[in-house]
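Mind folding the following:
(2 chains)
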Protein chains: 2
Amino acid sequence: MRARVGFPLVVVALSLGSGCAPGPSTPPRGGNGNAPVLASWNEGPAKAAILRFVANVTTLGGPGYVPRPERIAVFDNDGTLWAEQPAYAQFQFAIDRVKALAPQHPEWRTREPFNHLLAGDMKAFAAGGEHAMLAVVAAAHSGLTTDEFASAARDWLRTARHPKTGRPYTGMVYAPMLELLDYLRANDFKTYIVSGGGVEFIRAFADSVYGIPPEQVIGSQGKLRYEMQNGKPVLLKLPEVQFVDDGAGKPEGIQAIIGRRPIAAFGNSDGDREMLEWTWAGPGDRLALLVHHTDAEREWAYDRDSPVGRLDKALDEAQTSGWTVVDMKADWKQVFPPR
Amino acid sequence: MRARVGFPLVVVALSLGSGCAPGPSTPPRGGNGNAPVLASWNEGPAKAAILRFVANVTTLGGPGYVPRPERIAVFDNDGTLWAEQPAYAQFQFAIDRVKALAPQHPEWRTREPFNHLLAGDMKAFAAGGEHAMLAVVAAAHSGLTTDEFASAARDWLRTARHPKTGRPYTGMVYAPMLELLDYLRANDFKTYIVSGGGVEFIRAFADSVYGIPPEQVIGSQGKLRYEMQNGKPVLLKLPEVQFVDDGAGKPEGIQAIIGRRPIAAFGNSDGDREMLEWTWAGPGDRLALLVHHTDAEREWAYDRDSPVGRLDKALDEAQTSGWTVVDMKADWKQVFPPR
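Next up is the predicted model:
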């Protein structure tokens, strides 16, 4: 049937997104017509490992063939698909929201940690550690309906600018990883985000920026409450945690929501270690890949001692297990898409 | 392009499952080549409502057109896709498992509610109410890895027989609803199960019986714990509840996992009321449908007073809101597939 239908079918199938393909024995394809595959990747062990893996699992009749529905690929977000320095975008969103909401909350002027934030004393704020950060995120994220929150997140993403580059945060995505997402989808992988960040925040941009629809975003979750407001049902975001999708929470969340073990996993920090480990331990061919931030000039260089995106235990495990490690400086021709 | 590629493309697209379609302006199609659409449905208001809705949301340029990615349809399972009388299949599975495990648990012989169950005193067991039921389900479902649990559930489904009909439980599915699932998918709907039952139990048969893959099953969840067993990572099922996907939990679970509001919802009991309400309240054309069990001869007849699958408030709301109610006896030519 492929020979009879030919090229137009390939185009139709690609344009339909995940799960659609022309026939059962296609060789690996690029994601974008005639563009070269993984154009922003330099030749080297990382690119070679990706190409070898995809060829192996998509070759019908070959020893590593994996049926399409089982081609699940999971991606961490912060530090893997977009930059996470000097602070998580979602945290900056929460800070900006608290500042905007401050006039309605006079009590914050004398209550920690809000007082430090509003006074611009980031040193005193940072001394509050994770507790202070969670308080700000809870204040910024709860009390809204899910629709209101999505609007607030989209508004912020449209107007906020990254403190170092002045670009919108959605311009701080990694061009080589966008190509990788496209390449996997062109080979009938279903691509998921599995992030420690909040699921509703990531959904506000994942479809337009990564081509990943809302139902393929897994993240940390606050509790929701179904209730009636003015005779209409809404889902209200509560300040209580439902699920933390980080560390061991990543394989737990993957099982709870996808219900299959991925065959490829992509991360950059110790929070991704268990996700890669779980993916790697399955039968058959697997790809486990860490993005190592080695490029102080074009992006940032950090690993074992970084408070954001610490990469320590997972880097050791990558070496003993044989996971693929991307050396950002050596492996990527470009980091961010052209402006 | 459709004219050029023609029939073979339609066949390819259908065979690829959800999300794949030949072109942007196809009229509503049946799910199975030349078979008539919804063949097990008698002509009447329920069938007409389904056909009208699907035609409306799939007609490109029409007033009700809904883009493919937003065509989300959610189905309750027990009593909507398969029979739930005289007791939930999953509860029978739990009872059978407790009996099988009893030799390893001598303490159960003197501990409630296990003692009643093992002595066959279902009256004394029933007096323990929901608490007794949950204790049995927790004992039957926890302490296994997710892989072990899936095997146990599949083994049981292969061997257990329904107490009234002697059929396998997977033969107790409703033929008209299988046709409806196919019909919606042929019109590029993504079909989900959203059940109060346990997600891991339903996944053991949803793909082979309903054509619904694991990642499109939402259900109640126990907590999981990622841990190492003999140097290999496993996900262990714990006896603690993570999420109850029933009543208001259904729209909450839909938002948490799908992140979009469905445009069609199918249920049969008060546990589905909020899911239908949430679906119905969205903008544009919607379908909210209740299966009313009115056929004591071919299945069961029950509604407002039934301890299993009570349909009371939701039936009232169907009448005031204009939801579609299927009269099983009048609307369905056949209930179960031929043996």
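
Chain A: helices as residue ranges?
Assigned by DSSP state H, chain A shows helices spanning A:2-5, A:7-15, A:45-58, A:89-101, A:114-118, A:122-127, A:129-141, A:146-159, A:175-186, A:199-210, A:249-257, A:273-280, A:313-321, A:328-331.

hey, least reliable of those helices by pLDDT?
With a mean of 28, helix A:7-15 has the lowest mean pLDDT of the helices of chain A.

what does the stretch 101-250 of chain A put close to chain B?
Neighbours of chain B within the stretch 101-250 of chain A, by C-beta under 8 Å from any C-beta of the partner chain: A:146, A:190, A:199-200, A:203, A:213-215, A:217, A:221, A:224-226, A:232-233, A:235, A:242-243, A:248. Just so you know, the C-beta spots here come from the backbone N, C-alpha and C atoms, and that holds for glycine as well.

Cross the residues you listed against strands and list the overlap.
Those of these mapping onto strands are A:190, A:217, A:221, A:224-226, A:232-233, A:235, A:242-243, per DSSP state E.

can you put those residues in JSON lines and add neighbour count?
JSON lines is the format used below for these (neighbours: other C-beta atoms under 10 Å in any protein chain shown):
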{"residue": "A:Lys190", "neighbour count": "24"}
{"residue": "A:Val217", "neighbour count": "25"}
{"residue": "A:Gln221", "neighbour count": "21"}
{"residue": "A:Leu224", "neighbour count": "24"}
{"residue": "A:Arg225", "neighbour count": "13"}
{"residue": "A:Tyr226", "neighbour count": "20"}
{"residue": "A:Lys232", "neighbour count": "10"}
{"residue": "A:Pro233", "neighbour count": "19"}
{"residue": "A:Leu235", "neighbour count": "23"}
{"residue": "A:Gln242", "neighbour count": "15"}
{"residue": "A:Phe243", "neighbour count": "22"}
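
quick check, distance from stretch A:290-308 to the centre of its chain.
From the chain centre to the centre of stretch A:290-308 is a distance of 17 Å (C-alpha atoms, centre = their mean, to the nearest Å).

buried ones in it?
For stretch A:290-308, a neighbour-count test (16 or more other C-beta atoms under 10 Å in any protein chain shown) marks A:290-295, A:299-300, A:302-303, A:306 as buried.

With stretch A:205-225 instead?
A:205-206, A:209-224.

go on, stretch A:305-324?
Result for stretch A:305-324 [16+ other C-beta under 10 Å]: buried residues A:306, A:309-311, A:314-315, A:317-318, A:323-324.

which outside residues touch it?
Where contact means C-beta atoms under 8 Å, 6 or more residues apart in numbering or on different chains, the residues beyond stretch A:305-324 that reach it are A:45-46, A:49-50, A:78-79, A:84-88, A:267-270, A:272-273, A:276-277, A:280, A:287-290, A:292-293, A:302-304, A:325.

residues contacting A:Phe91?
Contacts of A:Phe91 (C-beta under 8 Å, 6+ apart): A:133, A:136-137.

B:Glu317 versus the residue nearest to A:Arg286 when sequence neighbours are not counted, what's the distance?
Leaving aside its sequence neighbours, A:Arg286 sits nearest to A:Trp280 (C-beta to C-beta, 6 or more residues apart in numbering or on different chains; 5.1 Å). A:Trp280 is 49 Å from B:Glu317, where distance means C-beta to C-beta, to the nearest Å.

With A:Gly171 instead?
Distance, A:Gly171 to B:Glu317, using C-beta to C-beta: 47 Å.

Check A:Trp332 too.
Counting by C-beta to C-beta - A:Trp332 and B:Glu317 are separated by 56 Å.

Is it correct that A:Glu277 is in contact with B:Lys232?
No. Using C-beta atoms under 8 Å, A:Glu277 makes no contact with B:Lys232, being 9.8 Å away.

Of all pairs in the ones in strands among the residues of the stretch 101-250 of chain A next to chain B, which one is the farthest apart?
Farthest-apart pair in these is A:Lys190 and A:Lys232; separation 33.7 Å (C-beta to C-beta).

Quick check: A:Glu84 touching A:Gln90?
No. A:Glu84 is beyond contact range of A:Gln90, at 9.8 Å (criterion: C-beta under 8 Å).

hang on, the earlier thing: in JSON lines: the helices of chain A, plus distance to B:Pro176.
What follows is the helices of chain A, written out as JSON lines (distance: least, C-beta to C-beta, whole Å):
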{"stretch": "helix A:2-5", "distance to B:Pro176": "34"}
{"stretch": "helix A:7-15", "distance to B:Pro176": "32"}
{"stretch": "helix A:45-58", "distance to B:Pro176": "38"}
{"stretch": "helix A:89-101", "distance to B:Pro176": "46"}
{"stretch": "helix A:114-118", "distance to B:Pro176": "57"}
{"stretch": "helix A:122-127", "distance to B:Pro176": "60"}
{"stretch": "helix A:129-141", "distance to B:Pro176": "43"}
{"stretch": "helix A:146-159", "distance to B:Pro176": "34"}
{"stretch": "helix A:175-186", "distance to B:Pro176": "35"}
{"stretch": "helix A:199-210", "distance to B:Pro176": "34"}
{"stretch": "helix A:249-257", "distance to B:Pro176": "30"}
{"stretch": "helix A:273-280", "distance to B:Pro176": "40"}
{"stretch": "helix A:313-321", "distance to B:Pro176": "51"}
{"stretch": "helix A:328-331", "distance to B:Pro176": "55"}
